[in-house]
Each structure stands twice: as C-alpha cells, then as structure tokens.
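A.B. asks: no letters, just coordinates:
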C-alpha cells in the first residue's frame, strides 16, 4: 500500500526542500530562482570557526503548492522501499525508506562522578540533559535529526516542553526517512526525516 500522500490533517513533519527538489527532478519544471548574498553578521549569531563571514540564500518560486507537489509525486514516493525490504549495514550509502513506528522524545544525560559535599562519597551528577526525537517500535530504532522549521504548527515546541509540562510522548507514525550509515551508542540508526504522518 502506498504511503506517499495521506490526509494533510495528519501531517506532522514535511521537508519542503526535499519535496521541491524531487518535484523538479521528476517533472523537469524549473522554478524562478533568486540567489541573494549577505555579509551582515549579527552579534548574537553563532559563527563556525572557519567562516568567511558571508552567506547566500536561494529563493525558488513555483507555480504549484507543496501539497500539489506531493500529489504529483505520489507515484514516485510510493517507489521508496518499506523497512521490511531493507537490511541496514555500516559503510554503505544512505538509504531512503518508509517506516512505521512510534515517534517519541528521548533524553541523553551527560553526567560525571563528583564528590558529594554532604556525604564525601563519589556520586553521579547530571551536568546536562539533551532531548532528541526518536522513532522506535519498528524493525529498527532511529535517532532523528530534523529541522525544526519543517514541523507543522504546534509540534515545534514538543522537544523543549518534554519533561516540563509534558509527560512521555508516543505518537504512532508513518515516516519517510533518509538513513545514514551511523549509529548512536544506544544502537539507534541516525536518520533524517523527510515526511512524517500520524498513523
């Protein structure tokens, strides 16, 4: 069964750049393109160590909406394999695959053994907690590297709210992922989400 185009009301995440690039490749429709360059650096911006101080941005204008692109790409998106057809291996190119599972938020804790002022004993002290998106309860486990801007309105703040006003988050989803040949220390494959629907 094709999982390429589902009810738009079920959309959680949509990589618009991926969809636009695939649409251009499959249809040959060339957008109106404008490239702008900026050399203005904001005082609060985080600049990489090796940076020339300038950046450029490409703006593309299409005569069709992202939703229209998805509809036009329905046949192409359905050709990406299901997780059951894939055997992930190290030292291989990245793989595009559809996955069914549960989207959740895991927390990576960084700790260090320190001497307690009260007891004088060595104790584990949590120095930092880093929440990240994970997709589990599928054939494989994945740690996701999303772009926050591609989450649908209302979903963008879930990671920051985790373990504050929100309890555990477990959303059943269908997702198209690009899986790279790398794993976390917890045996999760690293994946870039492209499309995520609630299932």
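C.D. replies: All right, it came through fine. Since we're looking at a predicted model, the values are computed, not measured.
A.B. asks: so which elements touch the longest helix along the chain?
C.D. replies: When the chain is parsed with DSSP state H, its longest helix is helix 16-27. Counting contacts by 3 or more C-beta pairs under 8 Å, 6 or more residues apart in numbering; DSSP states H and E, helix 16-27 packs against helix 66-72, helix 74-77, strand 189-198. To be clear about C-beta, it is placed using only N, CA and C from the backbone, and glycine gets the same treatment.
A.B. asks: ok, 6 Å please
C.D. replies: Using 3 or more C-beta pairs under 6 Å, 6 or more residues apart in numbering; DSSP states H and E, the elements in contact with helix 16-27 are helix 66-72.
A.B. asks: surely residue 9 is in a helix?
C.D. replies: Yes. Membership of residue 9 in a helix is supported by DSSP: H, G, I helix; E, B strand; the rest coil.
A.B. asks: and the pLDDT at it?
C.D. replies: As predicted, residue 9 sits at a pLDDT of 82.
A.B. asks: next, count neighbours for it.
C.D. replies: Residue 9: 8 surrounding residues under other C-beta atoms under 10 Å.
A.B. asks: do residue 66 as well
C.D. replies: The burial count for residue 66: 15, using other C-beta under 10 Å.
A.B. asks: please apply the same query to residue 22.
C.D. replies: That count, for residue 22 with other C-beta under 10 Å as the rule, works out to 18.
A.B. asks: now do residue 64
C.D. replies: Counted with other C-beta under 10 Å, residue 64 comes out at 15.
A.B. asks: likewise residue 89?
C.D. replies: Residues lying near residue 89 (other C-beta under 10 Å) number 8.
A.B. asks: how much space between it and residue 194?
C.D. replies: 21 Å (C-beta to C-beta, to the nearest Å).
A.B. asks: go on, residue 23?
C.D. replies: Applying C-beta to C-beta to residue 23 and residue 194 gives a distance of 13 Å.
A.B. asks: overlap in contacts, these two.
C.D. replies: Applying C-beta atoms under 6 Å, 6 or more residues apart in numbering, one finds that no residue jointly contacts residue 23 and residue 194.
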